[in-house]
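>>> Provided below for reference: sequence and predicted model.
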Amino acid sequence: MRNVSTICKRELGGFFNSPMAYIFLVIFAIVNGYFFTNTFFLFGQSDLRVLFDIVPLVYLFFIPAVSMGLIARENNLGTMEIMSTMPINTYEFVLGKFLAASSLILLGLVATSIHLFTLISVGTNVDYGAIFSGYLGLALMGGTYAAIGTYASSVTENQVVAFIIGVFIVLVFFMLDKTLVFVPRSIAGFIQFLAVDYHLSNISRGVIDSRNLVYFFSMIGFFIFLAIRTLEMKRWK
């Protein structure tokens, strides 16, 4: 785990040594804050449901943008060849990159906690259980998208291509439960289970079901596995 921690810290340092992390955190906070305050002050809705609804939409483009350079940048600069000569396993390299992206996403969620404090200070009958489960669902969704972005970054040397691939895969899983009216009933349940928004909505309602947790962790593990296999195949070519 030492190698994983080292790679994670190196990647996080790279984020904050460039404007990327600051741009992500500032714009993430502004976009989410705009929609939350509109509802909170204009309509008097004293809960975080609007925030939990808008963050997944912001994720669709922000997380692929954050993760597009995780591995593609290394491939483009030729540092992957150097990494292959070091005593670092492929899974350690991929996990370190994934954890760095996930950490930045969690920092973005922490930045939205100012809305929680606003709600607590002026709101009444705050449902802390629903708020906790909502943030948990957003964290799990963010980890899932970060894993998808890590995989997308592993298949190409071009960061723009990695971004497009990441957005496409993320959109597919986000839109699956919106297409149920177009699929046969025999497979509708399976398609719905694959939809990331279906599981997020369950958790956001305060229902932390083991099936939802299994789904998110399975998705994260699956795409990290794909990224590892992709890099290993490239190494042996």
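Nice, I can see it. Numbers count the residues shown, from 1 in each chain.

>>> pLDDT weak spots in this structure?
Low-confidence regions of the chain, defined by pLDDT under 70, span residues 38-47, 75-86, 122-125, 235-237.

>>> which residues sit in contact with the most centrally placed residue in the chain?
Nearest to the geometric centre of the chain sits residue 142, at 2.4 Å (CA atoms, centre = their mean). Shown in contact with residue 142 (CB atoms under 8 Å, 6 or more residues apart in numbering): 59, 63, 102, 105-106, 108-109. Placement of C-beta: from N, CA and C, glycine included.

>>> Let me know the closest of the residues you listed to residue 160.
residue 63 (15.6 Å; CB to CB).

>>> helix or strand for that closest one, which one?
helix 49-67 (DSSP states H and E).

>>> what's the offset of that helix from the middle of its chain?
Centre-to-centre, helix 49-67 and its host chain are 8 Å apart (CA atoms, centre = their mean, to the nearest Å).

>>> CA atoms only: put it into CSV for me.
In CSV, the C-alpha atoms belonging to helix 49-67 read as follows (Å, rounded to 0.1, in the frame of the first residue of the first chain):
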residue,chain,number,x,y,z
ARG,A,49,-32.7,17.5,-2.5
VAL,A,50,-32.0,20.1,-5.2
LEU,A,51,-28.2,19.8,-4.4
PHE,A,52,-28.4,16.0,-4.6
ASP,A,53,-30.2,16.3,-7.9
ILE,A,54,-27.8,18.7,-9.6
VAL,A,55,-24.5,17.2,-8.5
PRO,A,56,-25.0,14.0,-10.6
LEU,A,57,-25.5,16.2,-13.6
VAL,A,58,-22.3,18.2,-12.9
TYR,A,59,-20.5,14.9,-12.4
LEU,A,60,-21.2,13.9,-16.0
PHE,A,61,-18.6,16.3,-17.4
PHE,A,62,-16.5,17.3,-14.4
ILE,A,63,-15.3,13.9,-13.4
PRO,A,64,-14.2,12.8,-16.9
ALA,A,65,-12.4,16.1,-17.2
VAL,A,66,-10.6,15.5,-13.9
SER,A,67,-9.6,11.9,-14.7
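
>>> For that helix, list every residue counted as buried.
50-56, 59, 62-67 (16 or more other CB atoms under 10 Å).

>>> Then stretch 104-118?
Buried, per 16+ other CB under 10 Å, within stretch 104-118: 104-109, 111-112, 115-116, 118.

>>> Which member of these is positioned nearest residue 174?
residue 105 (15.7 Å).

>>> is it true that the closest one touches residue 63?
Yes: counting by CB atoms under 8 Å, residue 105 touches residue 63, with 6.4 Å between them.

>>> The stretch of helix or strand residue 102 belongs to packs against which elements?
Under the criterion of DSSP H and E, residue 102 resides in helix 90-111. Other elements packing on helix 90-111 under the criterion 3 or more CB pairs under 8 Å, 6 or more residues apart in numbering; DSSP states H and E are helix 2-16, helix 19-37, helix 49-67, helix 128-154, helix 210-236.

>>> Closest one of the contacts of residue 142 to residue 185?
residue 59 (30.0 Å).

>>> OK, contacts around the closest one?
Taking CB under 8 Å, 6+ apart as the test, what residue 59 contacts is 141-142, 145, 170.

>>> between those residues, which has the most around it?
residue 145 (31 neighbours; other CB atoms under 10 Å).

>>> Wait, that one touches residue 63, no?
Yes: counting by CB under 8 Å, residue 63 is a contact partner of residue 145 at 4.1 Å.
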